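> Predicted model follows, preceded by the sequence.
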Amino acid sequence: YCRGVNSYIENEILPVEFKLLGYKPEKWTLFDIYTVFKNMENILAGSGNELNNLKLTRALGPEIASRLIRGTFGTTIIREDEMGKDLSNAALRQFADLELAQLSSGIGSNNWVISGKKTQKGLPILANDPHLSNVFPSYFYQIYASDGKRIFSGNTIAGVPFIIIGRNESLGWGFTNTGTDVIDYFRLKVNEKGNQYHFDGNWLDFKTVVKSIQVKGQADHKHRIRMTHLGPVYQDGKSQFVRHSIMEYPSTSLKAFYLMNISSSVSEFMDAMRHFSSPAQNVVFADQLGTIGYYPAGWIPKRRKGDGSLPVILTGESDLWDGFIDENRKPFLINPAKGFIVTANNAVIDAGSLPIFSINWYPSFRADRITELIQAKGRLSVTDNQAIQSDTYLKSAGLLLGFLKDMRCKNPDAQSLLKRFREWNKCADGGIEPFLFYEFQRRLVSAIFDDELKKNGSNMTPSRSWLYKLLDYPGQSKSPLLSRLA
């Protein structure tokens, strides 16, 4: 792969961007491949947002802050009654081999996979719509490739020699970000002079690392970084923190992608995913024999202290992670009875279940809408699934504006707005109503929280998701806490 990239650099006409910048790229190496993927880990790595949560707790108090940080989990990817556990090598192979034997004898940033029992042609359909920010060059490029023995197609990341989302001749797979919390912050105890920090009973000196950043046509910019033996220091007011992150561990995800790309069975594919370190992904998959499944790929930290929601005061090694959760103990799904699996960045499992992926999740609006559309039809076609991907109905609008249906206002502008909301079909497919709804959310959450936050010296911007946590979505109950805040 690297030789092919370098051959192009040396022998072909480079894109105009290089000419405009007066730049010829260096030779592509294995180190560059890992750097590209490490950058993707950094983009997608989940965090418990401890520093923001700490500010929120100081501003609103622990009761309200805890509700906004955690809230309700909404609809989970895996229900308690369908959870597969104990993914040991022997158990997996025995189970998967049994499934494949039965099927071969005739039994048989959203993504979803639908069993052949619910499709018009009797074969699984897998759909995936990964959402990343719009950048140029794009993150993903579609390719078709063959090594003479196998055929691969799907999306790759420029600079990485594997299919990231796609299929081979035996099976296909799709990703959404899991949001597993793999970044923690630890508060340092610093001496009066500010030149040492306390760790395992000893006062250790801070170090300063100087990085040179080359600037074309100018002298190098010198950037100074304050360091501990655990990494750089993060300053937040008078407090100093050190970050512990999965990015500091050697990545084995490229090995996982290689094995996933060449997998010829479900058992091989799931074995491959156990090497997937980061960024954590909800992986749905289907094979040609009719098996569908789900696996939450990505390592989960084993915390000695805290749950990742707030910074931990660092006293020593005993406060740091104790490695990662055993992959054999993670939940998964194979051929669930309902005949489909949906993920849309919603919670993997219920609160209180182990392992703890995160304590902070997006509301499950998108997953719930996809589920509604799948269940609305008997047997689905590829065209039906394309329509699901193009659906624009906002369940959040249906919920929140439902509370306004009986509201009466004297102000003519407010009356006009309420009339628009009542007549709107809650679809973001044109008109001014979607903008008005998002602006209404923003102003509502600001009206509820801004005074409390500012009174306590916080300049935080309230999150729209707080509304739905206070409303206990999907329970849709009027929260006493919401009433009190309002």
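Yep, it's here.

> tell me the phi and psi of the closest residue to Ile143 other than its chain neighbours?
Excluding its sequence neighbours, the residue lying closest to Ile143 (C-beta to C-beta, 6 or more residues apart in numbering) is Thr156, at 5.3 Å. Every residue, glycine included, has its C-beta placed from N, CA and C. The phi and psi torsions at Thr156 (degrees, to the nearest 10) take the values phi -120, psi 160.

> and what of the one 10 residues further on?
Recorded main-chain torsions at Gly166 are phi 160, psi -140, according to degrees, to the nearest 10.

> That one - nearest residue in space that isn't next to it in sequence?
With C-beta to C-beta, 6+ apart, the residue lying closest to Gly166 is Gly154, at 1.4 Å.

> The one you found and Phe37, how far apart?
16 Å (C-beta to C-beta, to the nearest Å).

> Same check on Ile432?
42 Å.

> more neighbours, those two?
When Ile432 and Phe37 are compared for neighbours, Phe37 comes out ahead with 21 against 10, by other C-beta atoms under 10 Å.

> Which secondary structure state is assigned to the more buried one?
Put simply, Phe37 is helix when judged by DSSP: H, G, I helix; E, B strand; the rest coil.

> cool, the one 5 residues further on as well?
Reducing the assignment at Asn42 to three states with three-state DSSP gives helix.

> and if you look at Gly308?
Following three-state DSSP, Gly308 is assigned to coil.

> sorry, back to before: I'd assumed Ser138 was in contact with the residue nearest to Ile143.
No - if you go by C-beta atoms under 8 Å, Thr156 and Ser138 don't touch, sitting 10.9 Å apart.

> Settle it for me: which of those two has more neighbours?
Under the criterion of other C-beta under 10 Å, the comparison of Thr156 against Ser138 puts Thr156 first, with 21 against 12.

> mind listing what the more buried one touches?
Taking C-beta atoms under 8 Å, 6 or more residues apart in numbering, we find Thr156 in contact with 140-143, 162-164.

> mind listing what's buried in the helix or strand containing Phe421?
Assigned by DSSP states H and E, Phe421 belongs to helix 412-423. By 16 or more other C-beta atoms under 10 Å, the buried positions in helix 412-423 come out as 417-418, 421.

> so what does it touch, helix or strand wise?
helix 433-455 (3 or more C-beta pairs under 8 Å, 6 or more residues apart in numbering; DSSP states H and E).

> quick one: contacts of the helix it packs on?
With C-beta under 8 Å, 6+ apart, helix 433-455 has contacts from 59-60, 394, 396-397, 400-401, 417, 420-421, 424, 428, 459-460, 462-464, 466-467, 482, 485-486.

> Off-centre distance for that helix?
In this view, helix 433-455 has its centroid 25 Å away from the chain centroid, taken as C-alpha atoms, centre = their mean, to the nearest Å.

> what about Gly61, how many neighbours?
Gly61 has 12 nearby residues by other C-beta under 10 Å.

> Against Phe449, how distant is it?
On the measure of C-beta to C-beta, Gly61 and Phe449 end up 13 Å apart.

> How about Arg3?
Distance from Arg3 to Phe449, by C-beta to C-beta: 56 Å.

> More neighbours: which of those two?
Phe449 (23 against 9).

> pLDDT value on that one, please?
Phe449 carries a pLDDT value of 91.

> With the one 4 residues further on instead?
Note for Leu453: predicted pLDDT of 87.

> ranges for the helices of the stretch 1-150 of the chain?
2-11, 16-21, 30-44, 50-60, 62-69, 89-104 (DSSP state H, counting those that start in this stretch).

> ok, of those helices, where does mean pLDDT dip lowest?
helix 89-104 - the lowest mean pLDDT of the helices of the stretch 1-150 of the chain, at a mean of 36.

> Please pull out the lowest mean pLDDT helix or strand from the chain.
Every helix and strand in the chain was compared by mean pLDDT, DSSP states H and E; the lowest is helix 89-104, with a mean of 36.

> For Leu354, which non-adjacent residue is closest in space?
Leu354 sits nearest to Arg329 (C-beta to C-beta, 6+ apart), 7.9 Å away.

> pretty sure that neighbour contacts Pro355?
Yes - look at Arg329 against Pro355 with C-beta under 8 Å: they come within range, at 6.8 Å.

> Compare the two (neighbour count), which wins?
Taking other C-beta under 10 Å, Arg329 and Pro355 do not tie; Pro355 has more neighbours (17 against 13).

> Am I right that the more buried one is in a strand?
No - counting by three-state DSSP, Pro355 is not found in a strand; it is coil.

> you'd agree it is up against Trp299?
No - under the criterion of C-beta under 8 Å, Pro355 is not in contact with Trp299, lying 10.4 Å apart.

> shared neighbours of the two, which are they?
Ile325.

> Need the residue closest to the centroid of the chain.
Nearest residue to the geometric centre of the chain (C-alpha atoms, centre = their mean): Asn177, 2.8 Å.

> Which pLDDT value belongs to it?
On the pLDDT scale, Asn177 gets 92.

> wait, it sits on Leu44?
Yes - taking contacts as C-beta under 8 Å, Asn177 lies within contact range of Leu44: 5.3 Å.

> Show me where the stretch 301-450 of the chain has its strands.
312-313, 333-334, 340-343 (DSSP state E, counting those that start in this stretch).

> if we look at the longest one, which residues are touching it?
Outside of strand 340-343, the residues within contact range by C-beta under 8 Å, 6+ apart are 77, 110-115, 118, 176, 282, 284, 292-294, 333, 367, 370-371, 374.

> what does the first one give?
The contact list for strand 312-313 (C-beta under 8 Å, 6+ apart) reads 184-187, 189, 305-306, 319.

> Pull the distance from that strand to the chain's centre.
How far strand 312-313 lies from its chain's middle: 25 Å, per C-alpha atoms, centre = their mean.

> In the sheet, which strands lie alongside that strand, parallel or antiparallel?
Sheet pairing of strand 312-313 (DSSP bridges) gives strand 183-187 (parallel).

> Noted, bye for now.
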